[in-house]
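Chemist: below is the sequence, then the predicted model.
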Protein chains: 2
Amino acid sequence: MEIERIKFEGYKNSIITADEAALLFENGMTVGSSGFTKAGDSKAVLPAFAARAANEEIAITLITGASLGHTTDSDLADANALYKRMPFQVDPVLRKKINDGSILFIDQHLSETAELLNNKHLPKIDLAIIEASSIDENGNIIPTTSIGNSATFAKLAGKVIIEINTSIPNNFNGIHDIFIPENYPERDIIPITKPDSRIGKGYIEVDPEKVVGIVFTELPDSPAQVTSIDEKTAAIANHLIHFFEVEVASGRLTDSLLPLQAGIGKVANAVLSGFSKGNFKNLTMYSEVLQDSTFELIDSGKMDFASASSITVSKACYEHLMQNFENYKDKIILRPQNISNAPEVIRRLGIIAINTAIEFDIYGNVNSTHISGSKMMNGIGGSGDFARNAYLSIFVTPSVSKENNAISHILPMVSHVDHTEHDVDILVTENGLADLRGLAPRERAIQIIQNCVHPDYKEQLQSYYERARLRGGHTPHLLEEAFSWHINYSNSGTMKNPVSVEHR
Amino acid sequence: MEIERIKFEGYKNSIITADEAALLFENGMTVGSSGFTKAGDSKAVLPAFAARAANEEIAITLITGASLGHTTDSDLADANALYKRMPFQVDPVLRKKINDGSILFIDQHLSETAELLNNKHLPKIDLAIIEASSIDENGNIIPTTSIGNSATFAKLAGKVIIEINTSIPNNFNGIHDIFIPENYPERDIIPITKPDSRIGKGYIEVDPEKVVGIVFTELPDSPAQVTSIDEKTAAIANHLIHFFEVEVASGRLTDSLLPLQAGIGKVANAVLSGFSKGNFKNLTMYSEVLQDSTFELIDSGKMDFASASSITVSKACYEHLMQNFENYKDKIILRPQNISNAPEVIRRLGIIAINTAIEFDIYGNVNSTHISGSKMMNGIGGSGDFARNAYLSIFVTPSVSKENNAISHILPMVSHVDHTEHDVDILVTENGLADLRGLAPRERAIQIIQNCVHPDYKEQLQSYYERARLRGGHTPHLLEEAFSWHINYSNSGTMKNPVSVEHR
């Protein structure tokens, strides 16, 4: 324990153990916890509550920033400790229970949870758990590697538990910028005009009266998985880098582009890494998560500044960052997720948004969340916040997956729509890039089939489109066959040659 | 001709006839024209071009604010004068040609056309036609009953034709507020903080060097159709008024609510009219179009101020407005559609958005545009701009239509998604209201089936949901049956008892 991390006298008698904190949970409570893409999550209290719930009939609604790290969501799900979960998750055990209906899940735009809480469109937060690196003289919280929804939780919760993480260096501050928009009808401008605009406070304000416990932990964040760039992701990155080079050459963009957003995962990470190669300079980022690639670009001098709501990096990158923090302090900023993902700021800055699709269709609709229309994968995350209001909305995916390319990720019709045809500009697979700007649906279909589809599926998709086109319509479809690829996969283990194609 | 409406000397030799103006069109040109929900459209030059094109092989890409009035889109479509059309239309002849593929259509969020043009994601505007009530001393345009995309067209077009409409009273000014956002990367804040914020100029700036002709016309706007409030729309309005009363009683809203947006059409109009009954006061509107109901609310003292991009009202309301314009001058404002529909402003003001659905499904996805997945109706208009960033996103529709209630507007799965489950808060039919806030998909299905579906379809929809739920998933679906209602309607003229239900 490093008691000197608590600079507020009033809290010094509030130190409790994680198990004691877990006893503050009551059945049916709505609990808000820090944690965004595994960063800055509760590492002591939530696991202790999971342990308690394993032996007791108790369940809560749990609202976080985004995904939690370690096995916390698994442990909570296993212990039947969750009644409802939002707004995002990536956990296999939790996912299974969401899909069998035993845990309710709300898949929310990451910018909106704080809005819904403030507007009382969600239940009141009974209890908040917020990770801190330290507590200032007035009892306020210096957060760690993410902000997420913590500032909103601290503002709205009836009771607050602060989890001080001593694995975070004590100098890890000065990069947090906490701005809470006014409640309606008093809402004012969010005055960010550049990625490095600083508009708020360096700490999360909390009423000391509400703080019911301080818990110490020394467990670091779960590291991001290190994934090597394979042939497909490299090809996707190359298509996209080439696209940006043409945009610069045509005068539509400068060689600093516009602020970048990249979803989490290996493809988006590979694309960002790709910028180190091209003739780009003074790049900036206005995103929701900083990954290894961000720090690579900063280190190589290609990127000037990066704004997000969390830092989720590999173990090596994490250690490098913590050891050399003073070098990065003026190059990164962390914001609440309703600010990092604010529609207002995204449209104003003109974000170039790069996100991963599970599947897209011949007209440009994108599914980011569901397998075969029913099963939740992770959630929409911030992709909708960015795609809808971006300067350019880009989605990437490998064209096929599984043995023998059994799954095509480009389909006649997506089985769930997260991003509509109205909101998608550029689609990229390892085969190529479809630039949908200024194209009507029939023109988009031609581009997508020509450039993006895997050769194994080209004829099949062309056949669908041709036969639909003969039947007519602005967006020609054969409703009786639109999901035949998904159904065929479910019945026979491959999307190739669905029955309906043989019937043509 | 009222030559005194031209206060700029340099234009006085530029007066031409509509037929002469029509000769300035060249094959393949991209033409931008004023006109938004029939208001302030070109009434002389576009029709003259249609007449020319009827006897000549010539076609253009036509971009407007939204729909045009009179028979202009019909005439252009009939004359094969359109290669591509965007971002919205409501014309039966044009619609037919869009659906048979002979005219390409891009169905765009109304806020985005100006963005795409400024960002050069659409072709350069060769020629702009802008309706004016007069021209000021510097050659700038005083617009009429809409702003739409006119300011962007005037800024970007190579050549400009001004159409002076002498049916508009000469005192019809002072309500226009023209603000053009800066190009990227210099984009700054849109400083609107209240519906009545005035942030721009009273005229549309144009470089007189670009003005190639001034045409006079005296044809008024097409009036909005007067529709009486029938039983179903009255029931929808009543459900919604009751909902707002409960919101006020619960303290989530004050009796001034928050700025209202209402889509065009009889249901939205009926809902707005309904506010004259409840205990509401000092209402405001931040919408894209002002309809009769707006002026009724102003007249009854219920509404303080209304902002939009156009005025589209009945003949009687139009005449009343023009004759009593000075009484309304400080109560209404017209803005460019990228400002009336700006995500930034919509989120900041906390808009209550009320729009019409063609169909919605048991999980809250909404189709606003397509019949049976393929055929375009009108277009998404501004519904996505508002729904996505609103404080509350509400969609209304009658539960059934056609003889014997052959069509249910609540379905297992919508055939086209314009508004995703993430963006829809409240659904209303004449049967009742489903409040989806804070609900997971399985909870939404129960609410929607209980409250919104017509009794003729309740059992059938319940059966679909129950069988899908048994198969599992976060959003349970039976892909092989999801469109069976649409297919059944197409095959047998009714959605009742689809084949698949008999198979259960």
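Modeler: That came through, no problem. Residues are numbered from 1 along each chain as shown, chains lettered A, B, ... in the order given.
Chemist: ok, the residue nearest to residue A:123 when sequence neighbours are not counted to residue A:232 distance?
Modeler: Ranked by C-beta to C-beta, 6 or more residues apart in numbering or on different chains and with sequence neighbours excluded, the top spatial neighbour of residue A:123 is residue A:30, at 4.6 Å. Every residue, glycine included, has its C-beta placed from N, CA and C. The gap separating residue A:30 from residue A:232 is 42 Å, by C-beta to C-beta, to the nearest Å.
Chemist: now the residue nearest to residue A:123: how far from residue A:292?
Modeler: Taking C-beta to C-beta, one finds residue A:30 at 35 Å from residue A:292.
Chemist: residues contacting residue A:412?
Modeler: By C-beta atoms under 8 Å, 6 or more residues apart in numbering or on different chains, residue A:412 lies in contact with A:361-362, A:461, A:464-465, A:468, A:477-478, A:481-485.
Chemist: typo on my end, residue A:222
Modeler: Counted by C-beta under 8 Å, 6+ apart, residue A:222 has contacts A:38, A:69-70.
Chemist: which of these sits closest to chain B?
Modeler: residue A:38 (21.4 Å; C-beta to the nearest C-beta).
Chemist: skip the chain neighbours and tell me the closest residue to the most centrally placed residue in chain A.
Modeler: Centroid-nearest residue in chain A: residue A:381, 4.1 Å away (criterion: C-alpha atoms, centre = their mean). Nearest residue to residue A:381, sequence neighbours excluded (C-beta to C-beta, 6+ apart): residue A:88, at 5.3 Å.
Chemist: secondary structure of the one you found: a strand, I assume?
Modeler: No: counting by DSSP: H, G, I helix; E, B strand; the rest coil, residue A:88 falls outside a strand, being coil.
Chemist: got the residues of the stretch 201-350 of chain A near chain B?
Modeler: Contact residues, the stretch 201-350 of chain A versus chain B (C-beta under 8 Å from any C-beta of the partner chain): A:250-252, A:254, A:256, A:258, A:342-344, A:346-350.
Chemist: just the buried members of these?
Modeler: A:256, A:258, A:342-344, A:346-350 (16 or more other C-beta atoms under 10 Å in any protein chain shown).
Chemist: which of those residues fall within helices?
Modeler: Of those, the ones assigned to helices by DSSP state H are A:343-344, A:346-349.
Chemist: among the contacts of residue A:222, which are in strands?
Modeler: Using DSSP state E, no member of those falls in strands.
Chemist: in helices only, show me those residues.
Modeler: Among these, DSSP H puts none in helices.
Chemist: TSV for these, including distance to residue A:188 and pLDDT?
Modeler: Shown next, in TSV, are the contacts of residue A:222 (distance: C-beta to C-beta, whole Å; pLDDT from 0 to 100):
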residue	distance to residue A:188	pLDDT
A:38	33	96
A:69	35	97
A:70	39	96
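Chemist: now, which of those residues sits nearest residue B:162?
Modeler: Within the contacts of residue A:222, distances to residue B:162 taken as C-beta to C-beta reach their minimum at residue A:38, with 58.9 Å.
Chemist: residues in contact with the closest one?
Modeler: Counting by C-beta under 8 Å, 6+ apart, residue A:38 has contacts A:67-69, A:221-222, A:224, A:312.
Chemist: what of residue A:286?
Modeler: A:195, A:259-261, A:307-308, A:340, A:345-346, A:349, A:351.
Chemist: and for residue A:464?
Modeler: So residue A:464 contacts A:362, A:412, A:478, A:481, A:501 (C-beta under 8 Å, 6+ apart).
Chemist: distance of the first one relative to residue B:373?
Modeler: The gap separating residue A:362 from residue B:373 is 13 Å, by C-beta to C-beta.
Chemist: ok, so of the contacts of residue A:464, who is nearest chain B?
Modeler: The closest of the contacts of residue A:464, once distances to chain B are taken by C-beta to the nearest C-beta, is residue A:478, at 8.7 Å.
Chemist: apart from its neighbours in sequence, what residue is nearest residue A:414?
Modeler: Per C-beta to C-beta, 6+ apart, closest to residue A:414 is residue A:367, 4.1 Å.
Chemist: actually residue A:87, not the one I typed
Modeler: Residue A:87's closest residue in space is residue A:108 (C-beta to C-beta, 6+ apart), at 3.4 Å.
Chemist: closest point of the stretch 1-150 of chain A to chain B, which residue?
Modeler: Counting by C-beta to the nearest C-beta, the stretch 1-150 of chain A gets nearest chain B through residue A:104, at 3.8 Å.
Chemist: the closest residue to that residue other than its chain neighbours: how many residues sit nearby?
Modeler: In this structure, residue A:104 finds its nearest non-sequential neighbour in residue B:440, 3.8 Å apart by C-beta to C-beta, 6+ apart. By other C-beta atoms under 10 Å in any protein chain shown, 21 other residues sit near residue B:440.
Chemist: repeat for residue A:206
Modeler: Residue A:206: 25 neighbours (other C-beta under 10 Å).
Chemist: show the contacting residues for it.
Modeler: Contacts of residue A:206 (C-beta under 8 Å, 6+ apart): A:130, A:139-141, A:154, A:160, A:162.
Chemist: so which of the residues you listed comes closest to residue B:115?
Modeler: Taking the contacts of residue A:206 together and measuring to residue B:115 by C-beta to C-beta, the closest member is residue A:154, at 36.2 Å.
Chemist: strands along the stretch 401-504 of chain A, start to end?
Modeler: A:407-408, A:410-411, A:426-429, A:432-435 (DSSP state E, counting those that start in this stretch).
Chemist: pick out the residue in the stretch 251-400 of chain A sitting closest to chain B.
Modeler: residue A:374 (2.8 Å).
Chemist: relative to residue A:450, how far out is that residue?
Modeler: 31 Å.
Chemist: and these two? which has more neighbours close in?
Modeler: Taking neighbours as other C-beta under 10 Å, residue A:374 and residue A:450 compare with residue A:374 leading, 22 against 13.
Chemist: my read: that one touches residue B:473, true?
Modeler: Yes: with contact defined as C-beta atoms under 8 Å, residue A:374 counts as touching residue B:473 (2.8 Å).
Chemist: which residues do those two both contact?
Modeler: Contacts common to residue A:374 and residue B:473, judged by C-beta under 8 Å, 6+ apart, are residue A:99.
Chemist: picking up where we left off before, quick one: contacts for the residue of the stretch 251-400 of chain A closest to chain B?
Modeler: A:99, A:415, B:468, B:471-477, B:479.
Chemist: kindly recompute the last result at 10 Å.
Modeler: Applying C-beta atoms under 10 Å, 6 or more residues apart in numbering or on different chains to residue A:374 gives the contacts A:99, A:415-416, A:486, B:441, B:468-469, B:471-479.
Chemist: show me which of those residues is closest to residue B:170.
Modeler: residue A:416 (54.8 Å).
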